[in-house]
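model the structure of this input:
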Amino acid sequence: MKHYDCVVIGTGPAGQKAAIQAAKLGKRVAIVEKNEVLGGAQINTGTIPSKALREAVLHLTGDGRSQLFGQSRHLKKNITIADLVSFSQRVIQNEWEVLRNQFDRNSVDLLWGKARFVSPNEVLIEGTDGDSLVSADYFLLGVGTRPARPENVPFNGKTIYTSDEMLHLDHLPKTMIVVGGGVIGTEYACIMATLGVQVTLVEGRDKVLGFLDQEIADAFQYFMRQRGITLRLGERVSEISEVEIPNNQGCMLVEARLESGKIIHAGSLLYAVGRQGVCRHLGLEKVGIEFDDRERLKVNEHYQTNVGHVYAAGDVIGFPSLASTSMEQGRRAICHAFGCCDGDYNSALFPYGIYAVPEISMVGKTEEQLTAEGIPYESGIANYREIARGQLLGDALGMLKMLIHQDTHKLLGVHVIGTGATELIHIGQAVMALDGDAEFFVNNVFNFPTLAECYKVAAYNGLNKLNNVYSGSCQPVTLS
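All right, here's what the predicted structure looks like:
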């Protein structure tokens, strides 16, 4: 039986970075993968495929450039799922190669098969070429999640499906129902609507993406409706079935019955309500680790489970379930396990990115959180239409919002919607991490023309408001 300092289960983002970090510390490391390909949901069914599809759709349709080039926005007609899948597959294959090379360069042993604990320090790996037993001092569980598949939903992979089956659709549906207004549901709803699919999104809460700042969420919902997406908010689906519609030439449609009594029909339905863990088959009872009813694991601030030598990171520990946060969680877990934690670590400054159309990103507090916590703040707004780069990109609807402490002028949060939002957010993240204030943006030069200028404009806007409040004068104080 081979012994390792650390065994990582799962090659998704948490597992990848955990294994490589342990190798960088000079440890003997193995990583176990049960599927036939590396990368978990991040590379194969989630992050990379959905983002590759999004970029392909924007490129093939020319969407987002209508403000610049007029209404002739469709660069290609009769787009099929095959067009999109071929593009994403090239990206996915490249990611497989990159990941395999990283493991090889860092001397990480790659073990193929299903891992199951047989004792607190031993894992049985059931592979196609036979079983093997390995032991380790520490374990990192980065097993991820899978889409929830309730028994009362008649999934068939063709007309009623989860996000995992999206890549395998052999045609582009004319109409679609999306159940779930979280990140996955809204991203796919926007992608399909951009392709001309008539989309109806059903969400049980009163807004999509409930963790967003309210103003950004309102703007996003406006953009979704402008794109032709019908939003059924505050509605829950009670029953999903396939039915034959009279006078419809014998065609079968998907029917979604809502608790309110409404009935919606479409050619297809994407079910995107929650994700389910995969801990049940890991033999965790042999270690003394419990999981909740969604097979998720509870960890402490160091990503330890209730058993000290077993760590967990990524989607399996729940929110925020982002590839970016999973990577850092896995790395930090290994650093703690081997006693090399140093420097400050502020998980409150994790950025969030939603690759819908348009992009959305945020870091720090929302207005609602600051109000609930009694923190005095002012907002500074920069609209893309005011920025030369926004005009050059044909995005007149984007916006950056900066939340500023009324007394100290420290940055409390940054929220962006529009082109490049997920890139732009990191400027605000860095300034917040370094305890910067709004004056930083006023007193520094930004390349022209860039979207980064939004920070300067938003800072001027917010500080103008604050100076007007505190100046005791009825005359505006001009900073810009």
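
and the longest strand anywhere in the chain, average pLDDT?
The longest strand of the chain (DSSP state E) is strand 130-141. Across strand 130-141, pLDDT averages out at 95.

how about it: buried residues?
134, 136, 138-141 (16 or more other C-beta atoms under 10 Å). Yep, even glycine has a C-beta here, placed from its N, CA and C like the rest.

in this structure L167 contacts V85, no?
Yes. Counting by C-beta atoms under 8 Å, V85 is a contact partner of L167 at 5.7 Å.

hmm, back to that, pick the one among the buried residues of strand 130-141 closest to F223.
L141 (38.2 Å; C-beta to C-beta).

my read: the closest one touches V310, true?
Yes. With contact defined as C-beta under 8 Å, L141 reaches V310; the gap is 6.7 Å.

please tell me how far the closest residue in space to L133 that isn't next to it in sequence sits from L282.
Excluding the flanking residues, the one nearest L133 by C-beta to C-beta, 6 or more residues apart in numbering is M1, at 4.9 Å. Here the criterion is C-beta to C-beta, to the nearest Å. By it, M1 lies 19 Å from L282.

and stretch 336-351, how far apart are its ends?
In stretch 336-351, first residue to last residue: 22 Å (C-alpha to C-alpha, to the nearest Å).

with stretch 175-186 instead?
When the termini of stretch 175-186 are compared using C-alpha to C-alpha, they are 15 Å apart.

ok, and what's touching it?
For stretch 175-186, the external contacting residues (C-beta atoms under 8 Å, 6 or more residues apart in numbering) are 46, 50, 163, 188-189, 192, 197-203, 205, 207-209, 220, 224, 231, 233, 237, 240, 254, 256, 264-274, 354, 356.

what is the neighbour count of the residue nearest to L133?
The local packing count at M1 equals 7, with neighbours defined by other C-beta atoms under 10 Å.

so what's W112 bridging to?
For W112, the beta-bridge partners under DSSP bridges are E33.

low-confidence ranges in this protein?
Scanning the chain with the threshold set as pLDDT under 70 gives 64-83, 246-250, 342-345, 469-480.

hey, which helix is longest across it?
Criterion DSSP state H: the longest helix present in the chain is helix 81-105.

so what secondary structure elements neighbour that helix?
Under the contact criterion of 3 or more C-beta pairs under 8 Å, 6 or more residues apart in numbering; DSSP states H and E, helix 81-105 touches helix 13-24, helix 40-44, helix 47-61.

Throw these into TSV and include distance to L451 and mean neighbour count, thanks.
Formatted as TSV, these follow (distance: least, C-beta to C-beta, whole Å; neighbours: other C-beta atoms under 10 Å):
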stretch	distance to L451	mean neighbour count
helix 13-24	27	27
helix 40-44	27	25
helix 47-61	17	19
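
could I get the ones you listed as TSV with distance to R294?
As requested, the helices and strands packed on helix 81-105 are exported to TSV (distance: least, C-beta to C-beta, whole Å):
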stretch	distance to R294
helix 13-24	17
helix 40-44	15
helix 47-61	20
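
pretty sure R54 is touching E187, no?
Yes. Look at R54 against E187 with C-beta under 8 Å: they come within range, at 7.1 Å.
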